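1. Provide a 3D model corresponding to the input given below.
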Amino acid sequence: MFYFAYGSNMLTARLAQRVPSVRPAGAAWLAGHQLHFHLRGSDGSGKCNVLHTGDATDVVHGVLFQLDADRLEILHAAEGPAYAFLELEVGSASGPRRAAIYRGLPEHLDDSLVPFDWYCAFVVNGAREHGLPADYVAALERVGAQADSDRARARLNADILRHQPNNVEPAFEQSRND
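-> This is a model prediction of the structure:
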């Protein structure tokens, strides 16, 4: 199955830490949505969420990954109860794709939340890693962040940025017939 990552899971090392194996399948986009950092994470900081606007000019860029659908419970546990899991159509270089996506539940959204700096680094580095549009990456770089006062958590997450996972399969070559 295809999974559309638009937040910290765009960073292959982050996603690879959460699932048994991961296979990048290329950049993708979700039209009619906006990206926000307003989902309350278990650590109290802001995490990424996509809001449906219905406006075709609103686009969230992200990354498609091919995942083993039989092992999704591990990713569900990592994402937690704040998200609904659904399938939507996303655009890709090879045409439209049905992809699984996580969307924040309204009771977990708070526009006053600010993400931690290490979380923003996951998002920005994942966007760069997969060649998302430069103007989109620049907008991600401008997101306001806060330092994490939990130094151990901050250090652990900084280590993920430097980690080279061994459970990443070669990139999936998309074609229209897949």
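
2. Any idea how many residues pack against the closest residue to Gly32 other than its chain neighbours?
-> Spatial nearest neighbour of Gly32, chain neighbours left out: Gly54 (5.2 Å); criterion: C-beta to C-beta, 6 or more residues apart in numbering. For glycine as for every other residue, the C-beta is placed from the backbone atoms N, C-alpha and C. When neighbours are defined as other C-beta atoms under 10 Å, Gly54 has 8 of them.

3. same check, this time on the one 4 residues further on
-> Residues contacting Asp58 under the criterion other C-beta under 10 Å number 16.

4. Find the nearest non-adjacent residue to it, please.
-> Gln34 (4.9 Å).

5. For Glu79, give me its contacts.
-> Taking C-beta atoms under 8 Å, 6 or more residues apart in numbering, we find Glu79 in contact with Phe85, Tyr102.

6. follow-up on the earlier one: what residues are bridge-paired with the residue nearest to Asp58?
-> Taking DSSP bridges as the rule, Gln34 bridges to Leu51.

7. what sits against the nearest residue to Gly41 once chain neighbours are set aside?
-> In space, and not counting its chain neighbours, Gly41 is closest to Lys47: 4.4 Å by C-beta to C-beta, 6+ apart. Residues counted as contacts of Lys47 (C-beta under 8 Å, 6+ apart) are Gly7, Ser8, Phe37, Leu39, Arg40, Gly41, Ala82, Gly104, Pro115, Tyr119.

8. if we can go back for a sec, what distance do you get for the residue nearest to Asp58 to Leu72?
-> Gln34 sits 26 Å away from Leu72, going by C-beta to C-beta, to the nearest Å.

9. could you redo the contacts of Lys47 as a markdown table and give each row distance to Val63, secondary structure and neighbour count?
-> Shown next, in a markdown table, are those (distance: C-beta to C-beta, whole Å; DSSP: H, G, I helix; E, B strand; the rest coil; neighbours: other C-beta atoms under 10 Å):
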| residue | distance to Val63 | secondary structure | neighbour count |
| --- | --- | --- | --- |
| Gly7 | 10 | coil | 24 |
| Ser8 | 11 | helix | 23 |
| Phe37 | 17 | strand | 22 |
| Leu39 | 18 | strand | 25 |
| Arg40 | 24 | strand | 18 |
| Gly41 | 20 | coil | 18 |
| Ala82 | 21 | coil | 17 |
| Gly104 | 19 | strand | 20 |
| Pro115 | 18 | coil | 25 |
| Tyr119 | 16 | helix | 25 |
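
10. what does the host helix or strand of Gly62 contact?
-> Using DSSP states H and E, Gly62 sits within strand 59-66. Contacts with strand 59-66, where a contact means C-beta under 8 Å, 6+ apart, come from 1-6, 9-10, 15, 22-31, 33-35, 50, 90, 92, 97, 99, 126-127, 130, 132-133, 136, 169, 172, 174.
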